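**Q** no sequence on hand, only this structure:
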Ligand code: GLV
């Protein structure tokens with residue numbers, strides 16, 4: 001009997017989902033979170049036919065050079081700036097993401113950060129925990145109301161739209177900017193009005209960033225953009241570190257040129273810019289916007305479904321539903337050489 005193809009899962013996920021691979025694959029799942037070097041990653045990928053990886057695995061030409069059997073890399077994230085798609089495609093390796101299943105959880109979290117930053121929840125909690133609540137000042141801990149103010153969304157994909165829809169509950173008009181304007185019906189459903197980027201920066205009281213990190217969006221919010229924003233504005237980033245120039249943001253927050261920020265992502269994370277750590281008007285979290293049990297389970301299920309589908313199993317057999325580089329499929333379908341026995 002032919003040996004089963006091997007799949008490597010780079011981090012602990014949800015066992016019941018990973019178990020769905022077992023009838024068809026020899027599954028190697030990492031038992032603990034590990035930060036692999038490029039060489040370690042290359043060695044892991046070298047022996048497998050499929051890989052399910054997380055954002056901290058950066059997979060490019062060097063990592064797949066020796067991965068002659070590898071046919072699909074399923075990313076456990078919607079964003080895929082950790083994958084060099086051109087290099088994977090050139091190597092005939094398919095790639096998939098976990099689009100859609102996390103939209104609502106990330107949208108909820110963007111609102112949590114927005115409200116938390118506007119109402120100074122992080123700093124207030126630190127103050128309470130430090131035992132400083134001896135007397136409450138009537139004018140202590142004054143924050144900013146968001147209701148009725150203008151919400152801006154930069155990057156109006158499905159997560160941006162889910163954030164915009166929630167604005168109705170807060171009576172907030174919504175402006176958005178996006179690479180391309182949305183169809184009118186979608187704008188209506190989100191009650192959102194398209195504006196150019198300078199108008200978005202100028203008019204937003206609360207600005208949420210939900211755009212992918214690409215060479216074009218790197219530092220989309222830098223010193224020049226921050227200078228166009230209202231000094232009373234609140235900025236939220238649930239997209240990717242690197243979209244905001246964190247040093248410029250820290251300077252704006254410190255100097256009162258921006259009221260507050262809520263950040264789930266950072267340039268060079270898990271490192272956080274020390275100037276941000278020193279500020280009280282920024283609410284920080286460790287890249288957890290999609291981290292609910294249901295959503296992280298669903299993300300695992302999607303990655304598993306894509307691997308199964310690629311190898312001809314499950315309801316999407318032959319058509320991985322979240323393929324990022326369909327052009328790789330023709331190459332990737334070439335017959336595989338016999339699987340060597342594990343030594
Ligand atoms: C998380 O940041 C993701 O892209 O899913």
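**A** Nice, thanks for sending it over. Remember, it's a predicted structure, so these values are computed and weren't measured experimentally. Numbers count the residues shown, from 1 in each chain.
**Q** just the pLDDT at the residue of the stretch 151-300 of the chain found nearest the ligand, thanks.
**A** Residue of the stretch 151-300 of the chain nearest the ligand, by CB to the nearest ligand atom: residue 290 (5.2 Å). Heads up, the C-betas are built off the backbone N, CA and C, glycines and all. For residue 290, the model assigns a pLDDT of 98.
**Q** cool, and residue 137?
**A** 88.
**Q** what does residue 203 give?
**A** You'll see residue 203 listed with a pLDDT of 98.
**Q** hmm, it is touching residue 177, no?
**A** No. If you go by CB atoms under 8 Å, residue 203 and residue 177 don't touch, sitting 10.7 Å apart.
**Q** how about the residue of the stretch 151-300 of the chain closest to the ligand, what does it touch?
**A** The contact partners of residue 290, taken as CB atoms under 8 Å, 6 or more residues apart in numbering, are 77-78, 102, 105-106, 109, 296, 299.
**Q** which residue is the nearest non-sequential neighbour of the closest residue to the ligand within the stretch 101-250 of the chain?
**A** The nearest approach of the stretch 101-250 of the chain to the ligand comes at residue 102, 5.8 Å away (CB to the nearest ligand atom). Nearest non-adjacent residue to residue 102, counting by CB to CB, 6 or more residues apart in numbering: residue 290, 4.1 Å away.
**Q** cool, residue 88 as well?
**A** residue 95 (5.1 Å).
**Q** so what secondary structure elements neighbour the strand or helix carrying that neighbour?
**A** Here residue 95 sits within strand 94-96, counting by DSSP states H and E. Judged by 3 or more CB pairs under 8 Å, 6 or more residues apart in numbering; DSSP states H and E, the packing partners of strand 94-96 are strand 72-75, helix 85-90, helix 293-310, helix 327-332.
**Q** mean neighbour count and mean pLDDT added to the ones you listed, as CSV?
**A** Output for these, formatted as CSV (neighbours: other CB atoms under 10 Å; pLDDT from 0 to 100):
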stretch, mean neighbour count, mean pLDDT
strand 72-75, 29, 98
helix 85-90, 17, 96
helix 293-310, 22, 98
helix 327-332, 16, 76
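**Q** so can I have JSON lines of those showing distance to the ligand?
**A** Below are the helices and strands packed on strand 94-96 laid out as JSON lines (distance: least, CB to the nearest ligand atom, whole Å):
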{"stretch": "strand 72-75", "distance to the ligand": "8"}
{"stretch": "helix 85-90", "distance to the ligand": "14"}
{"stretch": "helix 293-310", "distance to the ligand": "7"}
{"stretch": "helix 327-332", "distance to the ligand": "20"}
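**Q** which residues touch residue 94?
**A** Taking CB under 8 Å, 6+ apart as the test, what residue 94 contacts is 71-73, 88, 310, 320, 323-325, 328-329, 332.
**Q** pLDDT (mean, whole number) over the strand holding residue 95?
**A** 98.
**Q** quick check: what element follows it along the chain?
**A** helix 103-118.
**Q** what does that following helix rub up against?
**A** Defining contact as CB under 8 Å, 6+ apart, one finds that helix 103-118 is touched by 121-122, 143-146, 158-159, 161-163, 165-166, 206, 208, 210, 234, 236, 238, 259-264, 281-283, 285, 288-292, 294-295.
**Q** between helix 293-310 and it, find me the angle.
**A** Here helix 103-118 points in a direction 140 degrees away from that of helix 293-310 (axes from the mean of the first three to the mean of the last three CA atoms, to 10 degrees).
**Q** quick one: helix 103-118 to chain centroid distance?
**A** Centroid separation between helix 103-118 and its chain, computed with CA atoms, centre = their mean, to the nearest Å, is 13 Å.
**Q** what's the following helix or strand after that helix?
**A** helix 121-129.
**Q** avg pLDDT for the helix or strand following that next one?
**A** Downstream of helix 121-129, the first helix or strand assigned by DSSP H and E is strand 151-154. Taken as a whole, strand 151-154 carries a mean pLDDT of 98.
**Q** tell me which helix or strand comes right after strand 151-154.
**A** Using DSSP H and E, the next helix or strand after strand 151-154 towards the C-terminus is helix 158-166.
**Q** what residues does the protein put near the ligand?
**A** 77-79, 102, 290 (CB under 6 Å from any ligand atom).
**Q** among those, who's most crowded?
**A** Among those, residue 102 has the most neighbours (other CB atoms under 10 Å), with 25 neighbours.
**Q** state the phi and psi torsions of that residue.
**A** phi -110, psi 0 (degrees, to the nearest 10).
**Q** OK, contacts around it?
**A** 78, 159, 289-290, 295, 298-299.
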